[in-house]
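[1] with the input below, show me the fold.
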Amino acid sequence: MSDSDEGQRTTGRDIIIINCGGVRHETFRSTLRNFPDTRLTWSVESTRNNPDYDPEKNEFFFDRHPGVFAQIMNFYRTGKLHAPHDVCGPLFQEELMFWGIDEKQMEPCCWTYYTQHREAQENLKFFEGVDLSDDEGSDDDLHNYGEWQHNVEQASLWQRYKPKIWSMFENHRSSRMAKVKEAFEFFGLMLSASFGRQSE
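    Numbering: from 1, shown residues only. Got it, this is the predicted structure:
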């Protein structure tokens, strides 16, 4: 086969080179056309006056996260969007927005992992608004907490709030305290899962 025949074969397939954050990817232009309403497809459709195209290297360059881009390329090739587990959810969300890919394309197996940062943020917002001193019950309960505690003003913070915390677990049906308990359980499960992954 001559060099000209090889060149025609390559041109016919319309192979393009995409350099994302220093990592080069080769693919067919037709692969990107599987999702025509996305930034990557728009960017590589034309090389003329395209700020992303480098004519000397014959490649398109994007200064974005190269590890995440591997998942983006896999999406174009397979039609399945998976979340990488080595980056946080907000970073992947930002990259999806940049490339114009709808997060609802995410495969069900990755959706829970991808969105867990949102649940954690909601729980943290709740904790910021919790004021244990505004709980049900009165300071009189503190005076009745054992004979050894004769001066509430001199008691440690733990000693002052211990009865309220115990009450919270005993009366877990109260709405405010139920949320606190659920948040503690949620963080406990997350820590357990984290330590479980590290030990594997």
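[2] name the element residue 41 belongs to?
    helix 39-44 (DSSP states H and E).
[3] what's next to that helix, contact-wise?
    Helix 39-44 has contacts (Cβ atoms under 8 Å, 6 or more residues apart in numbering) with 16, 18, 29, 32-33, 35, 50, 52, 60, 62, 72, 76, 98-100. Quick note: C-beta positions are derived from backbone N, CA and C, even for glycine.
[4] list of residues touching the helix or strand following that helix?
    The helix or strand immediately downstream of helix 39-44 is strand 53-54, counting by DSSP H and E. For strand 53-54, the external contacting residues (Cβ under 8 Å, 6+ apart) are 19, 47, 59, 60, 61.
[5] and if we set it to 10 Å?
    For strand 53-54, contacts defined as Cβ atoms under 10 Å, 6 or more residues apart in numbering pick out 16, 17, 19, 43, 44, 46, 47, 59, 60, 61.
[6] may I have the strands that pair with it, each with its orientation?
    Using DSSP bridges, strand 53-54 pairs in its sheet with strand 59-62 (antiparallel).
[7] isn't residue 84 up against residue 96?
    No: here residue 84 does not reach residue 96: they are 11.5 Å apart, not a contact under Cβ atoms under 10 Å.
[8] tell me where the protein has strands.
    15-20, 23-28, 53-54, 59-62 (DSSP state E).
[9] rebuild the ones you listed as TSV, extending it with mean neighbour count.
    Converted to TSV, the strands of the chain look like this (neighbours: other Cβ atoms under 10 Å):
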stretch	mean neighbour count
strand 15-20	18
strand 23-28	14
strand 53-54	16
strand 59-62	18
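[10] ok so, going back, what comes up buried for the helix holding residue 41?
    Buried residues in helix 39-44, counted by 16 or more other Cβ atoms under 10 Å: 39, 40, 41, 43, 44.
[11] same deal with stretch 105-118?
    Neighbour-count burial for stretch 105-118 [16+ other Cβ under 10 Å]: 106, 110, 114.
[12] which of these fall in helices?
    110, 114 (DSSP state H).
[13] how about CSV for the buried residues of stretch 105-118, with pLDDT added?
    What follows is these, written out as CSV (pLDDT from 0 to 100):
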residue, pLDDT
106, 92
110, 88
114, 86
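[14] about what we covered before: more neighbours, residue 84 and residue 96?
    residue 96 (22 against 18; other Cβ atoms under 10 Å).
[15] residue contacts, residue 74?
    80, 81, 82, 84.
[16] now with 7 Å, please.
    Counting by Cβ atoms under 7 Å, 6 or more residues apart in numbering, residue 74 touches residue 82.
[17] try residue 111
    If a contact means Cβ under 7 Å, 6+ apart, then residue 111 has no contacts.
[18] so what pLDDT did it get?
    Note for residue 111: predicted pLDDT of 88.
[19] same deal with residue 164?
    So, for residue 164, pLDDT stands at 63.
[20] could you dump the contacts of strand 53-54 to JSON lines with distance to residue 122?
    Shown next, in JSON lines, are the contacts of strand 53-54 (distance: Cβ to Cβ, whole Å):
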{"residue": "16", "distance to residue 122": "42"}
{"residue": "17", "distance to residue 122": "42"}
{"residue": "19", "distance to residue 122": "38"}
{"residue": "43", "distance to residue 122": "35"}
{"residue": "44", "distance to residue 122": "38"}
{"residue": "46", "distance to residue 122": "43"}
{"residue": "47", "distance to residue 122": "45"}
{"residue": "59", "distance to residue 122": "42"}
{"residue": "60", "distance to residue 122": "39"}
{"residue": "61", "distance to residue 122": "38"}
